[in-house]
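Enquirer: Predicted coordinates and the sequence they were generated for:
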Amino acid sequence: MPTFHRLVGKICPVRFSKQFSTTSSILAPYTPRRSLMYVPGNDDRKVAKIPKLGADCVCLDCEDGVALNMKESARHNIRNILDTKRVEFGNSECSVRVNSVDSGMCEQDLEIVLGGENLPSAVHLPKVGGKEELEFVWNMVDKVVGKEREQIGLIMFIETARSLIDIDSICKSAWSLAQSPNSPLFPVALVFGSDDFAADIGATRTKENVELLLARQVVVTAAKAHRLQAIDCVYIDYKDHEGLKRQSEEGNRWGFTGKQVIHPGQVNIVQAAFTPNSERVKWATELLQEFQEQQLDGKGAFTFRGHMIDMPTVKQAQNVVDIVRKQS
Amino acid sequence: MPTFHRLVGKICPVRFSKQFSTTSSILAPYTPRRSLMYVPGNDDRKVAKIPKLGADCVCLDCEDGVALNMKESARHNIRNILDTKRVEFGNSECSVRVNSVDSGMCEQDLEIVLGGENLPSAVHLPKVGGKEELEFVWNMVDKVVGKEREQIGLIMFIETARSLIDIDSICKSAWSLAQSPNSPLFPVALVFGSDDFAADIGATRTKENVELLLARQVVVTAAKAHRLQAIDCVYIDYKDHEGLKRQSEEGNRWGFTGKQVIHPGQVNIVQAAFTPNSERVKWATELLQEFQEQQLDGKGAFTFRGHMIDMPTVKQAQNVVDIVRKQS
Amino acid sequence: MPTFHRLVGKICPVRFSKQFSTTSSILAPYTPRRSLMYVPGNDDRKVAKIPKLGADCVCLDCEDGVALNMKESARHNIRNILDTKRVEFGNSECSVRVNSVDSGMCEQDLEIVLGGENLPSAVHLPKVGGKEELEFVWNMVDKVVGKEREQIGLIMFIETARSLIDIDSICKSAWSLAQSPNSPLFPVALVFGSDDFAADIGATRTKENVELLLARQVVVTAAKAHRLQAIDCVYIDYKDHEGLKRQSEEGNRWGFTGKQVIHPGQVNIVQAAFTPNSERVKWATELLQEFQEQQLDGKGAFTFRGHMIDMPTVKQAQNVVDIVRKQS
């Protein structure tokens, strides 16, 4: 009964999708990135706070958070953190942001940061410009990391007008490079670099964020079309917790899977906003259970809690359960 | 005086456009689709209500409204409705929604639904994925329907992140296929499949609908660039008539030409929202009359009711008159 | 120290960008276009008011503001204005809007308007359709104007659904044509033709302008990706100064660099909205000064007025200073 398998395939697009079936990384466990917290790679005072951050993803930064004359120090400090495992990351992912290819510093960053025994689980690439830059990064990582290593996730930053326009071809290029045998990288997320983007188009950021509506929704759409996570803009005013909560919940409703965080006080609010509440999880779990029983009985449509259930609803429920299972 | 003809051509883009001059279907009378009401093809209780619905477009559904184990029954029941003409459609268009190509059920749907003497005036194709899928459908319909038959309108559903990104090339492919000699299909509308789309990008729908702003405006823009109707999202809460009215009027203001309807109680509200009011019709009719007299007198610009009239205003008036003439 | 130069290059993308280094026009002084005011080319009463308008850009119009039977008169009157210099433009730019290529009138407009000794500093091309139209215009201007003349700025109007979808390729085509040796034109701005666009997609304009959100933000993004000015929609209700102010300030926040104006009473409000206030200029100037000192000292990141300054902030400050320097 091919129809059944097709439907299951559609409910679980990532796990069963033909598109990605040759990419071993798809079989890797899901890494939630509800909050993405930047820590300057050279700032040992801030590095020391990592164990207590509670962020899904901690990003040791070589880029905007690090002064030009501290780049070298940041690289080596990050390498040392990876080598010695002296920092306890706990449930947080250990990832590294290098400088953009067009800064001229990316090559050195990669050489030093990825040159040791222990690799970060993901690399953040800011200001992605296009296919050539991605090929450059792939080749560099290939050269530095060598074969027979675990793959590193690639998190790509969309933060210029040009890259927003080219976002679909950027994602296509990344997936295409990831299909090569022994690819050292595979794309996992798009980050919307809100402040660089605003500067590039000459916009002034407001709390309502209307000026970034197009860009944010384009990033979500492209990310989901390419089965990538979508990580939302920074909320600059780190003292305004109400505003942060509002914007985080909005991002979650729009389809973002996480949000960038610039202050430890923002982490819990953001993590909570991207976690389905217990009521929604209960609804989703029970709906899927009912759906599977109905399918096994050979029945198709069914009512659940008084509503006729159609496939979009089943897929929404599956999304909720996926997130919880992978984030717990 | 070539200028005059050029201007008239611009005011009436569909009727005189070179782009479509080889497509005989352009000469067919305009079919309004202010409301598009779904009726499960296998549900005779709901089918019996069709004569009283009052919807411009009635869609006999084989897809999301029909359980997996009822697909066969839906197909044959729809064929029977077409064959026997036992249901009185009145002023409503009789159309059919098949399952998507990637469901594996589309082929059988088309074979049975289009295999008889009487054809529906339009076929709805959900989850359109791209050129290959359209070619598949064109070939299937060609095979099933045969030559020398009236053309069937094709209504394409944009309801995934991927298809939103590819919307322009999807429309181009459809028009390109429609240019082939004896094409059995011609594209007439885009439908924004809001709930499938929201599920695909992981968005949570709200009544304000901000999360779907980009998608809805992209669908309108692409539809109009390709001279297709644009049919707006479903309003889920069928008991909230005020909210439905508000969203319908918003859709109308944005350029949508109609809206999907999931409950008979929604039809009148939606139809009304997509009908220009009498004041606006009077304004448009008189303005166009004045415009034509001025043009025949060799005059160009003119004032009307105290305003200087420019070409965008003339075109807006023409839009209003077109809609009313075709919908009355 | 290549890093320093790269950073400086990024702060001043236009002046140092490789992309445009072969275009001599980039070295021309910046021409602000905070307000773009239309004056019908045949209306001597309105032409007489030009010296007192105070608009950055005055557009002598052959298109929508001129009746069909007055086109010839408008062309020759504009030519006369250019030839005799009888009108005092003061600080206002003297530019001309021709009719669109597909009107069939563009050729004659260019022949007459550009056929004299004195050229306008910019030509406005409405309803740009694509590469072929741009090539047509380039060839025409080349033929009419001849070699060894100063380049004329090209201001392109995006005002159809089709051109909004094709906006990136339209800009690419224009820059590509401008790269040819002795190109008579170089692109300087995109204008969003709001009312033609609304008519094309069948939208009804409201003061809130939500129906045009996608289009406006696409125009800003494409303009900035191609280093062009972005000129916002018309505010129709010329008596509503509060509404005009609100919409102008919104456009400025979104990244637009100017706005179209249809009444002399709108000019001052619009000019003010697109001028950074003195507080912001002070902030930007001091920040950049501090940044340069820090860079020369070999330091990278720094705090300014209690905030850690990153590159996006430096670029925003540079934008403000650029605008003021060029507009004063």
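Expert: Now that the structure is in, tell me what you want to look at.

Enquirer: Check the spacing between the residue nearest the centre of chain A and chain C real quick.
Expert: Using CA atoms, centre = their mean, the residue of chain A that lies closest to the mean C-alpha position is residue A:189, 3.5 Å off. Using CB to the nearest CB, to the nearest Å, we find residue A:189 at a distance of 20 Å from chain C. Every residue, glycine included, has its C-beta placed from N, CA and C.

Enquirer: Assign that residue to helix, strand or coil.
Expert: When classified by DSSP: H, G, I helix; E, B strand; the rest coil, residue A:189 comes out as strand.

Enquirer: List the residues that contact it.
Expert: Contacts for residue A:189 (CB atoms under 8 Å, 6 or more residues apart in numbering or on different chains) come out as A:33, A:122, A:153, A:155, A:156, A:223, A:228, A:229, A:230, A:231, A:257, A:258.

Enquirer: Of those, which belong to strands?
Expert: Those of those mapping onto strands are A:122, A:153, A:155, A:156, A:229, A:230, A:231, A:258, per DSSP state E.

Enquirer: Pick out the lowest-pLDDT one from those.
Expert: When it comes to pLDDT, residue A:229 is the least confident member of the ones in strands among the contacts of residue A:189, at 94.

Enquirer: so that one touches residue A:190, yeah?
Expert: Yes: assessed by CB atoms under 8 Å, residue A:229 is found in contact with residue A:190 at 7.3 Å.

Enquirer: where do the contact lists of the two overlap?
Expert: Residues touching both residue A:229 and residue A:190 (CB under 8 Å, 6+ apart): residue A:223.

Enquirer: Show me which of these two is the more surrounded one.
Expert: residue A:190 (29 against 24; other CB atoms under 10 Å in any protein chain shown).

Enquirer: mind checking how far that one is from residue A:241?
Expert: From residue A:190 across to residue A:241, the span is 26 Å (CB to CB, to the nearest Å).

Enquirer: before we move on, the earlier item: look up how far chain B lies from the residue nearest to the centre of chain A.
Expert: Look at residue A:189 and chain B: by CB to the nearest CB, they are 13 Å apart.

Enquirer: What's opposite that residue in the beta bridge?
Expert: As for beta bridges, residue A:189 partners with residue A:155, residue A:229 under DSSP bridges.

Enquirer: What residues does the stretch 151-300 of chain A have near chain B?
Expert: Within the stretch 151-300 of chain A, the positions near chain B by CB under 8 Å from any CB of the partner chain are A:168, A:213-214, A:217-218, A:220-222, A:224-225, A:250, A:252-255, A:257, A:295, A:298-300.

Enquirer: In the stretch 51-200 of chain A, what residue spans correspond to strands?
Expert: A:57-61, A:93-97, A:122-125, A:152-158, A:185-192 (DSSP state E, counting those that start in this stretch).

Enquirer: ok, residue A:146 - how many residues close by?
Expert: Number of residues near residue A:146 (other CB under 10 Å) recorded here: 11.

Enquirer: ah, wrong one, I meant residue A:69
Expert: Residues contacting residue A:69 under the criterion other CB under 10 Å number 15.

Enquirer: And the pLDDT at it?
Expert: Each residue has a pLDDT score; the one for residue A:69 is 86.

Enquirer: the helices in the stretch 151-300 of chain A, which residues?
Expert: Per DSSP state H, counting those that start in this stretch, the stretch 151-300 of chain A carries helices over the ranges A:161-165, A:167-178, A:194-201, A:213-225, A:241-254, A:267-273, A:278-296.

Enquirer: For residue A:63, which of the ones you listed is the nearest?
Expert: Within these, the stretch nearest residue A:63 is helix A:194-201; the backing value is 10.2 Å (CB to CB).

Enquirer: List of residues touching stretch A:98-114?
Expert: Contacts for stretch A:98-114 (CB under 8 Å, 6+ apart): A:62-63, A:71, A:75-76, A:78-79, A:82, A:96, A:120, A:123-129, A:133, A:136-137, A:140-141, A:144-145, A:152, C:2-3, C:6-7, C:10.

Enquirer: Just the CA atoms of it, as PDB, please.
Expert: This file holds the C-alpha atoms of stretch A:98-114, laid out as PDB (Å, rounded to 0.1, in the frame of the first residue of the first chain):
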ATOM      1  CA  VAL A  98      34.800  32.500  12.100                       C
ATOM      2  CA  ASN A  99      35.200  35.800  10.200                       C
ATOM      3  CA  SER A 100      33.600  36.100   6.800                       C
ATOM      4  CA  VAL A 101      35.400  35.000   3.700                       C
ATOM      5  CA  ASP A 102      35.600  38.600   2.300                       C
ATOM      6  CA  SER A 103      37.200  39.800   5.500                       C
ATOM      7  CA  GLY A 104      40.400  37.900   4.600                       C
ATOM      8  CA  MET A 105      40.600  36.400   8.000                       C
ATOM      9  CA  CYS A 106      38.400  33.300   7.500                       C
ATOM     10  CA  GLU A 107      41.300  31.100   6.300                       C
ATOM     11  CA  GLN A 108      43.400  31.700   9.400                       C
ATOM     12  CA  ASP A 109      40.400  31.300  11.700                       C
ATOM     13  CA  LEU A 110      39.600  27.900  10.200                       C
ATOM     14  CA  GLU A 111      43.200  26.700  10.200                       C
ATOM     15  CA  ILE A 112      43.600  27.400  13.900                       C
ATOM     16  CA  VAL A 113      40.100  26.700  15.200                       C
ATOM     17  CA  LEU A 114      39.700  23.400  13.300                       C
END
